[in-house]
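> Next one to model:
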Amino acid sequence: MLADDPSATIAAIAAAAGVDRRTVYRRFASREDLMAAVYTARYDAVEEAIEGARLREAPVAVALHRYVEGIIAVNRTWPVETSRMLREATLRERRGRLIDEVDAFLRRATDEGLLRSDLPPGWVATVLSPLMEHAAEDLSELSAAQAADVVVDTLLRGAGTLQAR
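Residues are numbered from 1 along each chain as shown. You can find the predicted model right below:
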(Lines give C-alpha, C1' and ligand atoms only; values in the text may rest on other atoms or scores of the structure.)
Protein backbone atom coordinates (compact mmCIF):
# COMPACT_ATOMS: atom_id res chain seq x y z
CA MET A 1 0.00 0.00 0.00
CA LEU A 2 2.82 2.42 0.85
CA ALA A 3 4.47 1.66 -2.48
CA ASP A 4 1.29 2.73 -4.28
CA ASP A 5 0.60 5.69 -2.01
CA PRO A 6 3.49 6.86 0.20
CA SER A 7 1.14 9.31 1.91
CA ALA A 8 -1.33 6.60 2.99
CA THR A 9 -2.73 7.26 6.45
CA ILE A 10 -2.47 4.90 9.38
CA ALA A 11 -6.25 4.48 9.19
CA ALA A 12 -6.04 3.44 5.54
CA ILE A 13 -3.13 1.08 6.25
CA ALA A 14 -5.02 -0.46 9.16
CA ALA A 15 -8.16 -0.92 7.04
CA ALA A 16 -6.15 -2.57 4.25
CA ALA A 17 -4.58 -4.89 6.82
CA GLY A 18 -8.00 -5.72 8.25
CA VAL A 19 -7.24 -4.32 11.69
CA ASP A 20 -8.32 -1.33 13.73
CA ARG A 21 -6.18 1.81 13.69
CA ARG A 22 -5.56 1.36 17.43
CA THR A 23 -3.96 -2.01 16.70
CA VAL A 24 -1.41 -0.33 14.44
CA TYR A 25 -0.74 2.38 17.05
CA ARG A 26 -0.14 -0.27 19.74
CA ARG A 27 2.77 -1.54 17.68
CA PHE A 28 3.93 1.75 16.13
CA ALA A 29 3.73 5.00 18.11
CA SER A 30 3.55 7.08 14.94
CA ARG A 31 3.41 6.88 11.18
CA GLU A 32 7.14 7.67 11.16
CA ASP A 33 7.79 4.63 13.37
CA LEU A 34 5.82 2.46 10.96
CA MET A 35 7.76 3.84 8.00
CA ALA A 36 11.07 3.30 9.81
CA ALA A 37 10.08 -0.33 10.44
CA VAL A 38 9.26 -0.82 6.75
CA TYR A 39 12.56 0.74 5.66
CA THR A 40 14.50 -1.26 8.24
CA ALA A 41 12.92 -4.47 6.96
CA ARG A 42 13.85 -3.48 3.40
CA TYR A 43 17.47 -2.87 4.40
CA ASP A 44 17.55 -6.17 6.27
CA ALA A 45 16.49 -7.85 3.03
CA VAL A 46 19.09 -5.90 1.01
CA GLU A 47 21.80 -6.96 3.46
CA GLU A 48 20.71 -10.58 3.08
CA ALA A 49 20.83 -10.26 -0.71
CA ILE A 50 24.33 -8.78 -0.59
CA GLU A 51 25.56 -11.43 1.84
CA GLY A 52 23.97 -14.18 -0.26
CA ALA A 53 25.67 -12.88 -3.40
CA ARG A 54 29.09 -13.29 -1.75
CA LEU A 55 30.38 -10.21 -3.53
CA ARG A 56 33.90 -10.59 -2.12
CA GLU A 57 34.36 -14.35 -2.53
CA ALA A 58 32.30 -15.67 -5.44
CA PRO A 59 33.47 -15.41 -9.05
CA VAL A 60 32.41 -11.96 -10.25
CA ALA A 61 29.93 -13.16 -12.89
CA VAL A 62 28.25 -15.45 -10.36
CA ALA A 63 28.22 -12.77 -7.66
CA LEU A 64 26.77 -10.20 -10.07
CA HIS A 65 23.88 -12.47 -11.02
CA ARG A 66 23.20 -13.42 -7.39
CA TYR A 67 23.24 -9.77 -6.36
CA VAL A 68 20.89 -8.68 -9.15
CA GLU A 69 18.53 -11.58 -8.46
CA GLY A 70 18.49 -10.81 -4.76
CA ILE A 71 17.82 -7.11 -5.24
CA ILE A 72 15.03 -7.78 -7.74
CA ALA A 73 13.42 -10.04 -5.13
CA VAL A 74 13.83 -7.31 -2.48
CA ASN A 75 12.33 -4.71 -4.81
CA ARG A 76 9.33 -6.96 -5.37
CA THR A 77 8.83 -7.66 -1.67
CA TRP A 78 9.54 -4.13 -0.41
CA PRO A 79 8.55 -1.76 -3.27
CA VAL A 80 8.84 1.43 -1.22
CA GLU A 81 10.36 4.69 -2.39
CA THR A 82 13.90 4.52 -1.06
CA SER A 83 14.58 8.27 -1.15
CA ARG A 84 12.25 8.66 1.83
CA MET A 85 14.63 6.48 3.83
CA LEU A 86 17.42 9.04 3.63
CA ARG A 87 15.82 11.33 6.21
CA GLU A 88 16.69 8.96 9.07
CA ALA A 89 20.40 9.10 9.96
CA THR A 90 20.78 5.45 10.98
CA LEU A 91 19.20 4.22 7.77
CA ARG A 92 21.22 6.71 5.72
CA GLU A 93 24.45 5.40 7.26
CA ARG A 94 23.38 1.80 6.74
CA ARG A 95 22.54 2.56 3.10
CA GLY A 96 25.96 4.17 2.69
CA ARG A 97 27.73 1.04 3.94
CA LEU A 98 25.74 -1.16 1.56
CA ILE A 99 26.47 1.14 -1.38
CA ASP A 100 30.17 1.08 -0.48
CA GLU A 101 30.14 -2.72 -0.50
CA VAL A 102 28.47 -2.87 -3.92
CA ASP A 103 30.82 -0.20 -5.28
CA ALA A 104 33.82 -2.24 -4.07
CA PHE A 105 32.37 -5.27 -5.85
CA LEU A 106 31.87 -3.32 -9.08
CA ARG A 107 35.51 -2.15 -8.89
CA ARG A 108 36.51 -5.80 -8.44
CA ALA A 109 34.38 -6.78 -11.44
CA THR A 110 36.11 -4.05 -13.47
CA ASP A 111 39.58 -5.08 -12.27
CA GLU A 112 38.85 -8.69 -13.20
CA GLY A 113 37.66 -7.68 -16.67
CA LEU A 114 33.92 -8.40 -16.42
CA LEU A 115 33.08 -4.69 -16.69
CA ARG A 116 34.67 -2.08 -18.94
CA SER A 117 37.34 0.07 -17.36
CA ASP A 118 36.86 3.02 -19.74
CA LEU A 119 33.51 4.13 -18.28
CA PRO A 120 33.18 7.12 -15.94
CA PRO A 121 33.51 6.20 -12.24
CA GLY A 122 30.19 5.10 -10.76
CA TRP A 123 28.45 4.77 -14.13
CA VAL A 124 27.77 1.04 -13.86
CA ALA A 125 26.15 1.49 -10.44
CA THR A 126 24.13 4.40 -11.83
CA VAL A 127 22.63 2.32 -14.64
CA LEU A 128 22.38 -0.96 -12.72
CA SER A 129 20.07 0.36 -10.01
CA PRO A 130 17.20 1.46 -12.30
CA LEU A 131 17.61 -1.70 -14.39
CA MET A 132 16.93 -3.75 -11.26
CA GLU A 133 14.02 -1.52 -10.22
CA HIS A 134 12.37 -1.74 -13.63
CA ALA A 135 12.98 -5.48 -13.86
CA ALA A 136 11.24 -6.03 -10.52
CA GLU A 137 8.12 -4.33 -11.81
CA ASP A 138 8.16 -4.59 -15.60
CA LEU A 139 9.29 -8.22 -15.79
CA SER A 140 6.86 -9.45 -13.13
CA GLU A 141 5.92 -12.45 -15.27
CA LEU A 142 9.50 -13.73 -14.85
CA SER A 143 11.02 -15.20 -11.72
CA ALA A 144 13.65 -13.08 -9.99
CA ALA A 145 16.33 -15.36 -11.47
CA GLN A 146 14.95 -14.97 -15.00
CA ALA A 147 14.64 -11.21 -14.59
CA ALA A 148 18.24 -11.16 -13.34
CA ASP A 149 19.26 -12.96 -16.54
CA VAL A 150 17.74 -10.11 -18.55
CA VAL A 151 19.33 -7.38 -16.41
CA VAL A 152 22.80 -8.94 -16.39
CA ASP A 153 22.68 -9.59 -20.12
CA THR A 154 21.55 -6.00 -20.75
CA LEU A 155 24.30 -4.66 -18.47
CA LEU A 156 27.07 -6.76 -19.98
CA ARG A 157 26.00 -6.80 -23.64
CA GLY A 158 23.77 -3.75 -24.01
CA ALA A 159 20.61 -3.56 -26.04
CA GLY A 160 22.06 -2.83 -29.46
CA THR A 161 23.00 -5.21 -32.25
CA LEU A 162 26.05 -3.30 -33.47
CA GLN A 163 29.41 -4.90 -32.85
CA ALA A 164 32.20 -2.80 -31.40
CA ARG A 165 34.69 -1.67 -34.04
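> Could you report the distance from the one residue sitting closest to the centre of the chain to Ala135?
Centroid-nearest residue in the chain: Ile71, 4.4 Å away (criterion: CA atoms, centre = their mean). Ile71 is 9 Å from Ala135, where distance means CB to CB, to the nearest Å. Where C-beta positions appear, they are placed from N, C-alpha and C, glycine not excepted.
> what do you get for Ala16?
Using CB to CB, we find Ala16 at a distance of 26 Å from Ala135.
> Neighbour count: these two, which is higher?
Ranked by neighbour count (other CB atoms under 10 Å), Ala16 and Ala135 place Ala135 first, with 26 against 11.
> Looking at per-residue confidence, what score does the more buried one get?
Predicted confidence (pLDDT) for Ala135: 96.
> which other residues reach stretch 17-28?
Defining contact as CB atoms under 8 Å, 6 or more residues apart in numbering, one finds that stretch 17-28 is touched by Ile10, Ala11, Ile13, Ala14, Leu34, Ala37.
> Give the burial count for the residue lying closest to Ile71 once chain neighbours are set aside, as a bare number.
Spatial nearest neighbour of Ile71, excluding adjacent residues (CB to CB, 6 or more residues apart in numbering): Met132 at 4.9 Å. Look at Met132: counted by other CB under 10 Å, it has 20 neighbours.
> for Met132, what are its contacts?
Neighbouring residues of Met132 by CB under 8 Å, 6+ apart: Val68, Ile71, Ile72, Asn75, Val151.
> export the residues you listed to TSV and tack on distance to Gly158?
As requested, those are exported to TSV (distance: CB to CB, whole Å):
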residue	distance to Gly158
Val68	16
Ile71	20
Ile72	19
Asn75	22
Val151	12
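> Filter these down to just the ones in helices.
The members of the contacts of Met132 that map onto helices under DSSP state H are Val68, Ile71, Ile72, Asn75, Val151.
> Give me the below-cutoff pLDDT ranges for this structure.
82-87, 163-165 (pLDDT under 70).
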